[in-house]
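Visitor: Dropping the sequence and predicted coords here.
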Amino acid sequence: MAYITLPEEDLLPGIRGLMAFSPETSKPLNALAQVLLHDTDNTLSPGEREMIATFVSSENDCMFCKSVHGAATRCYLEDDGTIVNQVMYNFQEAAISDKMKALLSIAQSVQKGGKHVKTGQIEKAREEGATDKEIHDTVLIAAAFCMFNRYVDGLGTWAPDNPAAYLPRGIKIKEEGYANYDPMKTIVR
Amino acid sequence: MPHIPLPEHLPGITGLLEYSQDTAQPIRELTQFLLRGENTLSAGERELIATIVSHNNECKFCTSAHTAAADLLLGESKTCKIIKQDIDKAEISEKMKALLKIAKMVQKSGKSVTKEAIELAKNNGATDLEIHDTVLIAGLFCLYNRYVDGLASVTPADPGFYEYLGERIVNHGYNRLPQGYDHLKNK
């Protein structure tokens, strides 16, 4: 049970119940997720950006967010879960580009705290071909998930245990994005 | 020096929000609603939440800016000073003390928030919405603090800068200034 009374809580785990509780804040939150993760006007693919979101959520130990964004990453990358698991448990050994490894290292530092990001990490990302905008977006995605993860866990929402339960949402994210997400419309009775 | 090239006349968060206006728009909208929208917590009380989270994240820019805004809104500077040391010693309501304690837990991590801390807030009259907003404001400042320091944006040393910024936040809120920020060049 969440710490506050949420509408249709049993049917709306994680951030969904919070978005139903507070539609006014859910609108800009979804708009932010849309620009950061889904919009195609970006040299990082949506799959790469979802990977950063998944990794930071995993570092924050947020079951709901890591599972949802892990499912989205899997859809984009057509991954059976192997790559996503490698990223969460040891990204340096994962089957991803060296640029992504450098960006994930920056995201890992952001998760700990802004000041943890060192100039050497930024230089390494540049050496691997990362642009200013890609570095910017990596930091902001990591920071944004430090918010989303705290929102979801700080209010004590529940999360399904079974990883398979998240896969349909991953498909929906790939197909529809975030901007028009309305949790109440996802309820199937 | 910032890790990426940012407008030199806009230190701290403002340069970042101008650098990336498409992501800035929803962040600004969320902040304006949470900190300035209609709410049973006063704008000053909500700035205290922003201040304590920024302080605990050791983000000097955000702490100074939101301390200045809270001081202006509360009409005194004692409360901000005291809550950074010991929430219980501040002359604020028991409800506010309980909410600030929740915000401090959120700063550490979502899972750090205890049932007891929530119960304490509820027993002192906090509503579900007030608890929700406290957690989301605290979460939002975990975003801001990491954004500002993670890209090493400039933190001005001059205290006068934050007095000006505090006034801007109090008078104009968090939406982008309609005229933009070019008038701050050569200042």
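Guide: Ah, there it is.
Visitor: In which helix or strand does residue 168 reside?
Guide: No chain was given, so I picked chain A. Secondary structure assignment for A:Pro168, by DSSP states H and E: helix A:167-176.
Visitor: right idea, wrong chain: chain B
Guide: helix B:159-172.
Visitor: Return the set of buried residues in the helix or strand harbouring A:Cys146.
Guide: Using DSSP H and E, the element containing A:Cys146 is helix A:132-154. Within helix A:132-154, the residues that qualify as buried are A:132, A:134-154, counting by 16 or more other Cβ atoms under 10 Å in any protein chain shown. In short, each C-beta sits where N, CA and C put it, glycine included.
Visitor: packing partners for that helix?
Guide: helix A:15-21, helix A:23-33, helix A:46-59, helix A:63-77, helix A:98-112, helix A:119-127, helix B:94-108, helix B:128-150 (3 or more Cβ pairs under 8 Å, 6 or more residues apart in numbering or on different chains; DSSP states H and E).
Visitor: now it, how far from the chain's geometric center?
Guide: Mean-position distance between helix A:132-154 and its chain equals 8 Å (Cα atoms, centre = their mean, to the nearest Å).
Visitor: In JSON lines, list the helices and strands packed on helix A:132-154 along with mean neighbour count.
Guide: Formatted as JSON lines, the helices and strands packed on helix A:132-154 follow (neighbours: other Cβ atoms under 10 Å in any protein chain shown):
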{"stretch": "helix A:15-21", "mean neighbour count": "24"}
{"stretch": "helix A:23-33", "mean neighbour count": "20"}
{"stretch": "helix A:46-59", "mean neighbour count": "25"}
{"stretch": "helix A:63-77", "mean neighbour count": "25"}
{"stretch": "helix A:98-112", "mean neighbour count": "22"}
{"stretch": "helix A:119-127", "mean neighbour count": "16"}
{"stretch": "helix B:94-108", "mean neighbour count": "22"}
{"stretch": "helix B:128-150", "mean neighbour count": "26"}
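Visitor: Could you export those helices as CSV, including distance to A:Leu6 and mean pLDDT?
Guide: As requested, those are exported to CSV (distance: least, Cβ to Cβ, whole Å; pLDDT from 0 to 100):
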stretch, distance to A:Leu6, mean pLDDT
helix A:15-21, 4, 98
helix A:23-33, 12, 98
helix A:46-59, 20, 98
helix A:63-77, 13, 98
helix A:98-112, 27, 98
helix A:119-127, 39, 98
helix B:94-108, 17, 98
helix B:128-150, 9, 98
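Visitor: closest to B:Leu165 out of these?
Guide: In terms of Cβ to Cβ, the element of those nearest to B:Leu165 is helix B:128-150, at 12.6 Å.
Visitor: How about the closest one and chain A, touching?
Guide: Yes: interface with chain A: helix B:128-150 contributes B:128-129, B:131-132, B:135-136, B:138-140, B:142-150 (Cβ under 8 Å from any Cβ of the partner chain).
Visitor: need the contact list for A:Glu50.
Guide: A:37, A:69, A:72-73, A:76, A:173 (Cβ atoms under 8 Å, 6 or more residues apart in numbering or on different chains).
Visitor: A:Phe145 too?
Guide: A:52-53, A:56-57, A:60, A:62, A:65, A:111.
Visitor: Only the buried residues of stretch B:25-41, if you could.
Guide: Buried-residue list, stretch B:25-41, by 16+ other Cβ under 10 Å: B:25-36, B:41.
Visitor: should've said stretch A:178-189
Guide: A:178, A:181, A:183.
Visitor: which residues are contacting it?
Guide: A:7-8, A:11-12, A:16-17, A:19-20, A:26, A:30-31, A:33-34, A:37-38.
Visitor: any idea which residue sits dead centre in the chain?
Guide: Going with chain A. A:Ala53 (2.8 Å; Cα atoms, centre = their mean).
Visitor: that's the other chain; I wanted chain B
Guide: Central residue of chain B (Cα atoms, centre = their mean): B:Ala50, at 2.9 Å.
Visitor: Tell me if I'm right that that one and B:Cys62 touch.
Guide: Yes: applying Cβ atoms under 8 Å, one finds B:Ala50 in contact with B:Cys62, separated by 7.3 Å.
Visitor: Mind listing the shared neighbours of the two?
Guide: Joint contacts of B:Ala50 and B:Cys62 (Cβ under 8 Å, 6+ apart) are B:Phe141.
Visitor: any idea which of the contacts of stretch A:178-189 is closest to chain B?
Guide: Minimum distance to chain B across the contacts of stretch A:178-189 is 3.8 Å, recorded for A:Ala31 (Cβ to the nearest Cβ).
Visitor: contacting residues around A:Gly57?
Guide: No, residue A:57 isn't Gly; it's Ser. A:65-66, A:69, A:145, A:148-149.
Visitor: can you check A:Ala125 too?
Guide: Contacts of A:Ala125 by Cβ under 8 Å, 6+ apart are A:99, A:102-103, A:105-106, A:134-135, A:138.
Visitor: With A:Thr157 as the reference, measure out to it.
Guide: 34 Å (Cβ to Cβ, to the nearest Å).
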